[in-house]
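Trainee: no sequence on this one, just coordinates:
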């Protein structure tokens, strides 16, 4: 990596609009506190600009800028206020919306401008010449107030295809009036990289303005479109964390910056922050309250997960044979999935991941592989059940002896629906724990829920840490779907004790028996984590 | 669109590997029945080739090809078997793995070959020359057995960068031996479009071989990389439904084919099937039991969702101001008017599909849309439950009156596991049919199986055709997975009477109540098919 210790300079802008355009994503609704928290994560990651919202457009964004001035101490980023060019027929100096942008205190302002003739006439309902005047007047006004100005040319690519001369006239107007960057926006997201490269190159040649790119992901090419613009000479990229944004989303900040740093060998982030990428991606997901995508490039939980046995054996020889970068570079880790496509090699790697060295003891490794294969023939799968796999591993390390916190005598569940239509569920468990026989009953809104309640009631006094144990997810899969409801059932249960979460699996010829097996593993693993003794 | 009625020809290949490479995705574990179901969806969508798996590598894939020959009637696609070149130092004619490929009966075989010198030496542990010989010998052997052969050059791009001469030698060896297509694979997924375009163009110029592209999504550019290869002259694209695949995933079949058809104006699918894209994408997700990605390009629930405001008003003027294509082209709908699947247009289409003309009666269509919306809010989905949707449609056609072959009084299931460890399940139903009150009990190897047995016992004498009715598949999905076993449960049941199969759905806050709802629909639909009268 060149200039490993240099700070990103103004020559190339990583511009984040998670707080403005990203918030357009369906299901995202940010409070001011959320926005401040995300801004801190983005600044730590090292973006150069954080677009915070549209002050004046809604009270929340106005409040955000007020509190940002007082509370945000940015190490790397400059705060950007977003707004529109002045209204048609008015004066910039008298436009309340532009006044609000100045009042926001943000040192940088991004103004959205129409650059598609059809939008000027149909949506803005003014003349093409007045729109150019609105751009000039607004940019000059904000420059006169000491603001740095970037222009977002909305629908630029569609506009350029429809009327290139007019689209170029908007770029020239903004550039001539003193906008530092003219951002070409693929607002509807219909572009492909070849077209983006061509048009960005043409606009650069025609205008000489500093160009930026704002890509939406409607064709699944937002990252590639952003890079295509950079190939053509753009030096300003607008992205959002995790690609949040309207419709499909925006260009994803993380694969874009990873590509620039690792593939283009171009320093766009402060030294060291690339390795924080995975953590920061997940932290932002936490704030917006969306589950992080497990399959997101570079930062996803599965981004460096290997399943094929073919791959596993090669990875033992040299991990780089089957990964395009070292996951550590982006703060992620390689994971081996235990699956019937894998063999001893992946089991050993998985054991290592869990802190068991199987390579030194070929016998043990062989027994584990045999156990896994036998279990897989019964329908078990461990790739999504690390805790069950670790218990299996422990059993073999302890000479095949399963550690038991309780011995089941029997369980029973009753579900019924009476004439009045409501369904009821009740479960009873009879078991032995620490020499005591326990009989307990629980009710639930499903037979498995009732079973969990009954098991909890039976054990809680004996093992107090169970009070913290909670089931957070429950998945059911019917195997060999050729025998209808007579098929085998696989249940995956995810549990948590508030700090860690773990997954367990159970297989049986009925959903409740399978759930019982997964529940037993979930409780056993939880009690082990809590350092309980049987 | 040009040649609107032309079928895709051999000049351009849409090659799907969902069943082979797609199955490598973490969390996907396909049964043979799942694979057959997915193959039917892909064939209906109109891909030219369906790679079914690696016969001989595991019993499941061997069984798939055996059953595919007997059960799959493909309208558009040819079945492809995947395998590797013969082992080093052997003879193709004596290689058991190649024999298994021939035995699979697939007319087309894709062979994976090493094209990266380092992989040949480190992973394959043979000489560069022997690897070339393995390619020639294996291709010639399969050609001599009448098979069409495609070659997957594993790690081609990394290999070309490390040793272009050797990578080209592998392409020439395959091409010279009679492989119809040489597929350049970005196995580790580290490429970006500019590099793909450059290398594909160079290989085409150097070898003249017909080239294909296999892209992984590790940089978030798999779709763009696939299109870049096409720009450079590749005429064979390998994709997976919904981009399923190892690590981040593979090039997504849907945005790739949508771009080729709608952006390149290139016919690669049978006329009309593009409009089935959204439905088929969701149906495949149901089979693999993964929630469809709401933000997937073209087919996602949010792909054409507009948050009200600036956009909304402009969209009233002209929807094309804010969407890059008409969503109807890919069977999706713009969401402004809230519901997704419940867009009137898609309901009318589905009605037509089932033989009900809703376009003539706007009131009726409106009532159906309202019912579907209400049901979807409860967690129902009709994409994979045509029979339940048709029953809903019939109800509305009959003025909201649900046709009932029996009236439930109550049901009860008991599941228990005694000290001896075996689990038992018993169910009792009390109902009225044709004026008779029936009380029947059934035992099963699961509570739902027992419920099915009891219902059958209660009704069989009154409705003899039920003897032929069988449940062939049963899927459970827990909704809102944040409340553990207390979540809502959706059950999908597939039934058959020996000639046709149909799917029904039930939703409730427990798996057994949900199963009851789906069972009731399954029986009702079966009795309708058998022309029974209540």
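Mentor: Yes, it's here. As the structure is a prediction and not an experimental result, all values here were calculated from the model. Residues are numbered from 1 along each chain as shown, chains lettered A, B, ... in the order given.
Trainee: what bits of the stretch 351-500 of chain A have low per-residue confidence?
Mentor: The stretch 351-500 of chain A contains residues with pLDDT under 70 at A:383, A:479-487.
Trainee: and if we set it to 90?
Mentor: For the stretch 351-500 of chain A, the stretches with pLDDT under 90 are A:351-386, A:389, A:393-403, A:418-424, A:444-446, A:449, A:470-494, A:496-500.
Trainee: and the residue of the stretch 251-400 of chain A found nearest chain B, how many neighbours does it have?
Mentor: Going by CB to the nearest CB, chain B is nearest to residue A:324 of the stretch 251-400 of chain A, at 2.8 Å. For the C-beta atoms, the positions are set from N, CA and C on the backbone; glycine is no exception. Residue A:324: 23 surrounding residues under other CB atoms under 10 Å in any protein chain shown.
Trainee: what's the nearest residue to it if we skip its chain neighbours?
Mentor: residue B:190 (2.8 Å; CB to CB, 6 or more residues apart in numbering or on different chains).
Trainee: How about residue A:250?
Mentor: Nearest non-adjacent residue to residue A:250 (CB to CB, 6+ apart): residue A:240, at 4.2 Å.
Trainee: Could I get the phi/psi values of that neighbour?
Mentor: phi -130, psi 150 (degrees, to the nearest 10).
Trainee: Please determine how far it is located from chain B.
Mentor: To chain B, residue A:240 is 12 Å away according to CB to the nearest CB, to the nearest Å.
Trainee: what's the answer for residue A:208, then?
Mentor: From residue A:208 across to chain B, the span is 24 Å (CB to the nearest CB).
Trainee: what separates that residue from residue A:182, distance-wise?
Mentor: 10 Å (CB to CB, to the nearest Å).
Trainee: shared neighbours of those two, anything?
Mentor: residue A:175 (CB atoms under 8 Å, 6 or more residues apart in numbering or on different chains).
Trainee: more neighbours, the two?
Mentor: residue A:182 (28 against 11).
Trainee: Which per-residue confidence value corresponds to the more buried one?
Mentor: If you check residue A:182, the pLDDT there is 98.
Trainee: Thought residue A:214 was touching it, still the case?
Mentor: No - counting by CB atoms under 8 Å, residue A:182 does not reach residue A:214; the two are 10.9 Å apart.
Trainee: picking up where we left off before, pretty sure the residue of the stretch 251-400 of chain A closest to chain B sits in a helix.
Mentor: No - looking at residue A:324 with DSSP: H, G, I helix; E, B strand; the rest coil, it is coil, so not inside a helix.
Trainee: what about the nearest residue to residue A:208 once chain neighbours are set aside, how many neighbours?
Mentor: Counting by CB to CB, 6+ apart, residue A:175 is the residue found nearest to residue A:208 once chain neighbours are left out, at 7.6 Å. Residue A:175 is flanked by 20 other residues according to other CB under 10 Å.
Trainee: Please compute how far the host helix or strand of residue A:175 lies from its chain's middle.
Mentor: Residue A:175 belongs to helix A:164-177 when assigned by DSSP states H and E. Relative to its chain's centre, helix A:164-177 lies at 37 Å (CA atoms, centre = their mean, to the nearest Å).
Trainee: what mean pLDDT would you report for it?
Mentor: Mean predicted confidence for helix A:164-177 is 98.
Trainee: what's the next secondary structure element after it?
Mentor: Next helix or strand after helix A:164-177 toward the C-terminus (DSSP H and E): strand A:181-186.
Trainee: residues of whichever helix or strand comes after that next one that come out buried?
Mentor: Later in the chain than strand A:181-186, the nearest helix or strand by DSSP H and E is helix A:193-207. Using 16 or more other CB atoms under 10 Å in any protein chain shown as the test for burial, helix A:193-207 gives A:193, A:194, A:195, A:196, A:197, A:199, A:200, A:201, A:203, A:204, A:207.
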